[in-house]
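J.: just coords:
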Ligand code: AMP
Ligand code: ZN
């Protein structure tokens, strides 16, 4: 039987994972703010938690747990979205609808399953208002000048997740000082909207929610006051996740909110977090458009453990593409076996994906192709429906990219073949033709000369050997 162990940010320990309720394993992950294409960094939590979701579903079957419920939100009310609407003159709803679909398409290309629920913040405004009313009634929040603020000092455990005291945080954080705040640490639950801004009627006037309250309200509505796992990037630990905990635990003291907190480390560019604000980003779509298959991007992500920072490099992508191509050709006609227990144990050990990839290399080398396929599929790789890019495995374009020398050599041999024909040295021409054919080239001779096209037997090594 598999034991899942996960590093819990809340306790700073790797702990054995047992669901609170075996009939329904529940996970919430903070999703994107929809105003622009997802950059590559935004895709990291998606892939990480997709692997966890797949692992939970796999182990749930083994252990006879019930369903796994995975919720990931879309933040579709936010000042960044308003700013984008102002810049472009477009409707907010057009921007959010378009960006949401882009996100789903791009993440689908990375082989990410859609979560079971994908709530949008604007669909949960009444639930947010109700939660805020409860917080005010219980003394955890206060309304002032059309704003509602959370009274951070009313929650004893504030800062526990990220391991800081409120006083440290006041000193270190760029907290917004505003005259209406009782304390600079207090954060916004609700704020007033003017006529040009999106807004909803509320007991505090027409306004819109602050960012943090949406996750608390949606998690409560869809998963209840206590659930199993909460995930997101470690850039969200403070203030977003601290604020979620404070709101949820104060509004629903009968519950514990999330039992396990998991945080992925950042995707970096030259040592700095990839982010829109630093401008050091490229999008998932940019990479897909450059011909890097989503499966290859996924593989590169999984090669680094989720709690380590990672860099994206073109070299890693090139290597990954070669590996996946090999594995795909080795497993094309293969039926997957059961996932071997020792490899499953690696994945279940706090998602040791680099360890699993090492095991995959070993299986490929040792000819254990049904295991290779089974484990690949568990990681969301080598799936038939993602294989279109690899079907064109031996296109001239791939050849040029991956085997420039082999291609040059084949072209050179084709020229020599034509030269031999011109000299009526048909014996030599036939010899060269055979060499090319044995290396897996289609050889076509016409009035314009000889052209070569690699076929499915293409083997650059053979060509090299015949040099
Ligand atoms: P945002 O739209 O900025 O709130 O981010 C959406 C998700 O992407 C959050 O879970 C962030 O933690 C995550 N994220 C943002 N930038 C990066 C990055 N450079 N590396 C990994 N995750 C990131
Ligand atoms: Zn959140």
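T.: That came through, no problem. In this text, all values refer to a predicted model and were calculated from it rather than measured experimentally. Residues are numbered from 1 along each chain as shown. Ligands and ions are numbered 1, 2, ... in the order given.
J.: Find the closest residue to ligand 2 in the stretch 1-150 of the chain.
T.: Nearest residue of the stretch 1-150 of the chain to ligand 2: residue 30, at 3.3 Å (CB to the ion). Yep, even glycine has a C-beta here, placed from its N, CA and C like the rest.
J.: Quick one: name the residues of this structure near ligand 2.
T.: The chain comes close to ligand 2 at residues 30, 215, as judged by CB under 5 Å from the ion.
J.: lowest-confidence helix or strand of the chain?
T.: Least confident helix or strand of the chain, by mean pLDDT, DSSP states H and E, is helix 396-402 with a mean of 59.
J.: The helix or strand following that helix: how far from the chain's middle?
T.: Going down the chain from helix 396-402, the next helix or strand is helix 404-422, by DSSP states H and E. Put simply, helix 404-422 sits 45 Å off its chain's centre (CA atoms, centre = their mean, to the nearest Å).
J.: now swap in stretch 119-127 and tell me
T.: Chain-centre distance of stretch 119-127: 24 Å, with CA atoms, centre = their mean.
J.: mind checking the backbone torsions on the closest residue to ligand 1 within the chain?
T.: Nearest to ligand 1 in the chain, going by CB to the nearest ligand atom, is residue 233, at a distance of 1.9 Å. Per-residue torsions, residue 233: phi -70, psi 150 (degrees, to the nearest 10).
J.: ok, how many other residues are close to it?
T.: Applying other CB atoms under 10 Å, we find 22 residues neighbouring residue 233.
J.: related to what we said a few turns ago, not counting residues beside it along the chain, what's closest to the residue of the stretch 1-150 of the chain closest to ligand 2?
T.: residue 232 (3.9 Å; CB to CB, 6 or more residues apart in numbering).
J.: Look up which residues are beta-bridged to the residue of the chain closest to ligand 1.
T.: Judged by DSSP bridges, the bridge partners of residue 233 are residue 264.
J.: which residues does the residue nearest to residue 75 when sequence neighbours are not counted contact?
T.: The shortest distance from residue 75 to any non-neighbouring residue, by CB to CB, 6+ apart, is to residue 33 (4.2 Å). Residues counted as contacts of residue 33 (CB atoms under 8 Å, 6 or more residues apart in numbering) are 75, 76, 78, 80, 81.
J.: 6 Å instead?
T.: By CB atoms under 6 Å, 6 or more residues apart in numbering, the contact list for residue 33 reads 75, 78, 80.
J.: Quick one, which of these are buried?
T.: Buried members of the contacts of residue 33, scored by 16 or more other CB atoms under 10 Å, are 75, 78.
J.: Give the buried residues for the top helix by length along the chain.
T.: For the chain, the helix with the greatest residue count under DSSP state H is helix 40-63. Buried residues in helix 40-63, defined by neighbour count with 16+ other CB under 10 Å: 40-60.
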